[in-house]
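Asker: Based on what follows, work out the 3D shape:
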Amino acid sequence: MRRHARNRAPKPVTDKTEESSTGHENQPAAGALESSPERPATSRLRGSAAAALGQVMRRLRQPLPGAQPRLRFEIPPEYNNMEEPDAPEDGEAGRTPAQFGSPGPRMSMQHPLYMGFMGTVGVGLALLVYWIGSNTTQLLLWIVAALFIALGLEPVVGWLENRRIPRPAGILLAVLVLVVAVGGFFATLIPTIVEQVTQIVVQAPTWVRDFIDSEFFRTVDDQFGVRDRINEELDKFVNNPEAMGGIFGGVLGFGSTLANGLFGTLIVLVLSLYFLAALPAMKKWGYRLAPRSRRARVEALSEEITRSVGNYVIGQACVALLNATFAFIVMSIVGVPFALLLAFVVALLAFIPLVGGMIAGIVVLLIALTVGWQTAAVYGICYFAYLQFEAYFISPRIMQKAVAVPGAVAVISVIAGGSLLGVLGALIAIPTAAAILLLIKEIYIVRQDKH
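Answerer: Numbering: from 1, shown residues only. Take a look at the predicted model:
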């Protein structure tokens, strides 16, 4: 009996273990059946659409058959003295063989042939540069203007980058604002010019008839025979083909000038976009042109110059915008005609430092005199009072992070820049003067102090 009980004792435990294992195996399946109802048809359609979209995106990411990656003009890597790549030396200490073989010994600089050849090459290159510069003056002006605009928009793009906006989006936003401003100016200027020319053409016969019928003209005609003289001159002018050709040529010249202006504006905008997109790479390439021992100092000076130019452009734009806004408000109140167009003119002239605001005030005063001297007097008092307020309160606070140039140097640089390059020269005169003063202070004066 004891042996029989001993043989039967493990059996219930085995059955219990099997039941428990069987229960644990079957429990997840039952739970899964209970907790996973059939998904609706919309979920299945959404899943299939997402899978199809993912497959399409994977197909689009794959390169076309036979396509090659786009070639990029990359800057070569920079190696320090201790980090140069391992390569066998060619006999001289520290020289690494080039990719296409080792260079031979250099010709002595004292050799007559070397000196004569290099002198001739130098003179030829100087003449070539002069010829290219004299024949591409307009293109160089466009490049300078585009670079100036790019340096001015760089702080805005950097500010947007600090706000976690990607650089391409910041560039597009900044250029879009610039395009809207330029387009608004031309959209205001062209209809106003067309309207005024139309009014002059329509009213010109009436003005001439009233003048001829006036008592003053009759008196002068009786004494000097002005009417007959005018008729003779008109007959000569009409019958003269050169005079008619001159009128036709003047019309064509005005049209070509307008077309060239629009084309130049488009070129400057496109170049500004490219310069703004490639400005970090351009700076990097420029710094690599300097010797490695002085590269850090060159980079620091260049960054300070570009920062000063950018802050100056942004500050001057803010000052010009405030100036034009105030002028537009005053012109609208006192009733000066063409207030919006004149506000654009004031904004453009206000970009010229020192004398731009004064010229803008005189231009608006002359137009206000057509309404009456009271209107011109009220506008002149308000606007020139604002110029004093701007000079002592607004401009110093806006331009405090921009360039600092002495007054005499600023006046001389503006006059010189305007004489050389016109309005563009006057605009870039003060940043150029600030850059020259910075270089003199940080390089020449420091070197002189060491002697």
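Asker: quick one: Leu349 from Met358, how far?
Answerer: The gap separating Leu349 from Met358 is 9 Å, by Cβ to Cβ, to the nearest Å. All C-beta atoms are positioned from the backbone trio N, CA, C, and that covers glycine.
Asker: Which one of these two is surrounded by more residues?
Answerer: For Leu349 versus Met358, neighbours defined as other Cβ atoms under 10 Å are more numerous around Leu349 (22 against 14).
Asker: how near is the more buried one to Ile430?
Answerer: Noted for Leu349: a distance of 15 Å to Ile430, by Cβ to Cβ.
Asker: just Pro105 next, same as before
Answerer: 51 Å.
Asker: Could you do Ser102 as well?
Answerer: With Cβ to Cβ as the criterion, Ser102 and Ile430 are 51 Å apart.
Asker: for Val405, same thing?
Answerer: On the measure of Cβ to Cβ, Val405 and Ile430 end up 6 Å apart.
Asker: Low-confidence bits of this protein, can you list those?
Answerer: The model of the chain has pLDDT under 70 over residues 1-41, 63-64, 66-101, 103-104, 107, 197, 200, 234, 237-254, 400-404.
Asker: Which parts of the stretch 301-450 of the chain are helices?
Answerer: Ranges of helices in the stretch 301-450 of the chain, per DSSP state H, counting those that start in this stretch, are 339-350, 356-368, 373-389, 395-398, 407-421, 423-439, 445-449.
Asker: burial count for Val313?
Answerer: The tally of other residues near Val313 (other Cβ under 10 Å) stands at 24.
Asker: oh, and call the first residue 50 from now on, that's how I've got it
Answerer: Yes, from this point I'll number from 50; that puts the last item at Val362.
Asker: where's the residue lying closest to it once chain neighbours are set aside, which helix or strand?
Answerer: Excluding its sequence neighbours, the residue lying closest to Val362 (Cβ to Cβ, 6 or more residues apart in numbering) is Gly201, at 2.8 Å. Per DSSP states H and E: Gly201 is located in helix 186-211.
Asker: ok, Pro154 and Ile479, which is more surrounded?
Answerer: Counting neighbours by other Cβ under 10 Å for Pro154 and for Ile479 shows that Ile479 has the greater number, 26 against 6.
Asker: wait, doesn't that one sit right on Ala459?
Answerer: Yes - taking contacts as Cβ atoms under 8 Å, Ile479 lies within contact range of Ala459: 5.6 Å.
Asker: and for the two, which residues touch both?
Answerer: Shared contacts of Ile479 and Ala459, defined by Cβ atoms under 8 Å, 6 or more residues apart in numbering, are found at Pro402.
Asker: now the helices for the stretch 100-249 of the chain?
Answerer: Going by DSSP H, counting those that start in this stretch, the stretch 100-249 of the chain shows helices at 161-184, 186-211, 216-261.
Asker: can you dump the C-alpha coordinates of the shortest one into CSV?
Answerer: Output of helix 161-184 as CSV, limited to C-alpha atoms (Å, rounded to 0.1, in the frame of the first residue of the first chain):
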residue,chain,number,x,y,z
PRO,A,161,67.3,87.6,-65.3
LEU,A,162,64.9,85.4,-67.3
TYR,A,163,62.7,84.9,-64.3
MET,A,164,62.6,88.6,-63.4
GLY,A,165,61.9,89.7,-67.0
PHE,A,166,59.2,87.1,-67.6
MET,A,167,57.4,87.8,-64.3
GLY,A,168,57.6,91.6,-64.8
THR,A,169,56.0,91.2,-68.3
VAL,A,170,53.4,88.9,-66.9
GLY,A,171,52.6,91.4,-64.1
VAL,A,172,52.2,94.3,-66.5
GLY,A,173,50.0,92.2,-68.8
LEU,A,174,47.8,91.1,-66.0
ALA,A,175,47.4,94.7,-64.8
LEU,A,176,46.4,95.8,-68.3
LEU,A,177,44.0,92.9,-68.6
VAL,A,178,42.4,93.7,-65.2
TYR,A,179,42.0,97.4,-66.3
TRP,A,180,40.5,96.4,-69.6
ILE,A,181,38.0,94.1,-68.0
GLY,A,182,37.1,96.6,-65.3
SER,A,183,36.6,99.4,-67.8
ASN,A,184,34.3,97.3,-70.0
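Asker: now that helix and helix 186-211, what's the angle there?
Answerer: Going by axes from the mean of the first three to the mean of the last three Cα atoms, to 10 degrees, helix 161-184 is angled at 80 degrees with respect to helix 186-211.
Asker: Can you check what angle separates the lengthiest helix in the chain from helix 216-261?
Answerer: In terms of residue count, the longest helix belonging to the chain (DSSP state H) is helix 290-337. With the same axes, to 10 degrees applied, the angle from helix 290-337 to helix 216-261 works out at 160 degrees.
Asker: Just give me the neighbour total for Val368.
Answerer: Here the number of neighbours of Val368 (other Cβ under 10 Å) works out to 22.
Asker: That one contacts Glu439, correct?
Answerer: Yes - look at Val368 against Glu439 with Cβ under 8 Å: they come within range, at 6.7 Å.
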